[in-house]
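>>> quick one, fold the following:
(one chain, ligands or ions: 1)
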Amino acid sequence: MVRILLLHGPNLSQLGTRDPAHYGTATLDDVVRAARQEALDVGASVEHLQTELEGELVTRLHAARTDGTDAVIVNAGAWTHYSYAIRDALELLEVPKVELHLSHVHAREPFRATSVIAAVCDGSIAGFGIDGYPLAVRATLALLTRRA
Ligand code: DQA
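Numbers count the residues shown, from 1 in each chain. This is a model prediction of the structure:
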């Protein structure tokens, strides 16, 4: 079974009530469920971590180098735009990596158009709200097939 690690950064715990105009009304549980449902359909499993602590995300990425993780989907929240620590941890990890955002980051404030993690991921999905989660699961599977 393909093991996908789904990671969420800061403030994404507040989904459901956080800025619904940009992020919709789905909760964190809802988006994780959407990813898990898609994974079930394609014979994969999804482990999930959300954290407000940058170091915790870095530590989890380090562990993913040796714990059997096959692919990573990461919505790094605001860290996307400035965390070189998360960028470097992602770079260390050699499995397929998909950057994911609920909102259309390129159509918002200029600082959101910069991603310091994009270049160390295999691709990015942004702007499709909760629908981006099943897309990201499919993308990780496609990347794994391509590498096989
Ligand atoms: C986000 C976009 C980021 O700019 C923002 O800081 C978030 C959520 C998204 O999913 O659209 O926390 O990653």
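
>>> list the buried residues in the helix ranked longest in the chain.
Looking across the chain with DSSP state H, the single longest helix is helix 132-147. Judged by neighbour count (16 or more other Cβ atoms under 10 Å), helix 132-147 contains these buried residues: 132-141, 143-144. From N, CA and C alone the C-beta is placed, and that goes for glycine too.

>>> pLDDT at Thr80, what is it?
With respect to pLDDT, Thr80 scores 98.

>>> er, Arg147 I mean
pLDDT, Arg147: 89.

>>> pull the contacting residues for the nearest residue in space to it that is not next to it in sequence.
Spatial nearest neighbour of Arg147, chain neighbours left out: Pro96 (6.8 Å); criterion: Cβ to Cβ, 6 or more residues apart in numbering. Neighbour list for Pro96: 70-72, 122, 140, 143-144, 147 [criterion: Cβ atoms under 8 Å, 6 or more residues apart in numbering].

>>> same question for Leu28.
So, once contact is read as Cβ under 8 Å, 6+ apart, Leu28 ends up touching 8, 12-13, 15-16, 50.

>>> near the ligand, anything from the longest helix of the chain?
No - against the ligand, helix 132-147 shows no contacts by Cβ under 6 Å from any ligand atom, the least distance being 8.2 Å.

>>> for the residue nearest to Tyr82 when sequence neighbours are not counted, which three-state class applies?
Once its chain neighbours are removed from consideration, Tyr82 has its nearest residue in Val116; the separation is 6.3 Å (Cβ to Cβ, 6+ apart). When the structure is reduced to helix, strand and coil (DSSP: H, G, I helix; E, B strand; the rest coil), Val116 reads as coil.

>>> any idea of the pLDDT on Val116?
Checking the pLDDT column for Val116, the value is 98.

>>> just confirm it contacts Ser83, I think it does.
Yes - with contacts counted by Cβ atoms under 8 Å, Val116 reaches Ser83, the gap being 6.6 Å.

>>> more neighbours: which of the two?
Relative neighbour count places Ser83 above the other of Val116 and Ser83, with 21 against 18, counting by other Cβ atoms under 10 Å.
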